[in-house]
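K.L.:
generate a structure from the sequence data that follows.
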Amino acid sequence: MSDAYEEVIRGGLKLKDGSKLSSVLGGKIKKKKKKKDKEESISSSSSSPSTSRSKSTSSPAPVIAVTKTAAQMAFEEAQKKRERERIAKVASKSHKERVAEFNQYLESLSEHHDLPKVGPG
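P.N.:
As a prediction, the model looks like this:
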């Protein structure tokens, strides 16, 4: 059994340039910080949080009014009109009428579209 593992290279992980993984990371494993840690570090690093808050409240973000072009408004109006027409068309017939119309359509098809009978008989 030990003969099968004679060709195995043992040792630490080596990257293509020949350096080991630990030397790339500076010998330490870096961990991801959680959101709480970020918030605490931000609040502790700022020396005067009240001044930063006063700056943000004194100059509110400029409000940008987005207006639509005439073509955009016409396009939306045409979409609404088509939607109203489609709803009116669907609502005009009852389910019974739609089934009768579908059956009439199926009867008008040629025998080419009929499914062949399968099985004995």
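K.L.:
can you give me the helices in the protein?
P.N.:
Applying DSSP state H to the chain gives helices spanning 21-24, 35-45, 49-58, 70-92, 95-108.
K.L.:
what angle do the last one and helix 70-92 make?
P.N.:
Comparing the axes of helix 95-108 and helix 70-92 via axes from the mean of the first three to the mean of the last three C-alpha atoms, to 10 degrees yields an angle of 90 degrees.
K.L.:
pull the residues that contact helix 95-108.
P.N.:
With contact meaning C-beta atoms under 8 Å, 6 or more residues apart in numbering, helix 95-108 is reached by K93. For the C-beta atoms, the positions are set from N, CA and C on the backbone; glycine is no exception.
K.L.:
ok, E101 to S94 distance?
P.N.:
11 Å (C-beta to C-beta, to the nearest Å).
K.L.:
oops, could you answer that again for V8 instead?
P.N.:
Distance of V8 to S94, computed by C-beta to C-beta: 78 Å.
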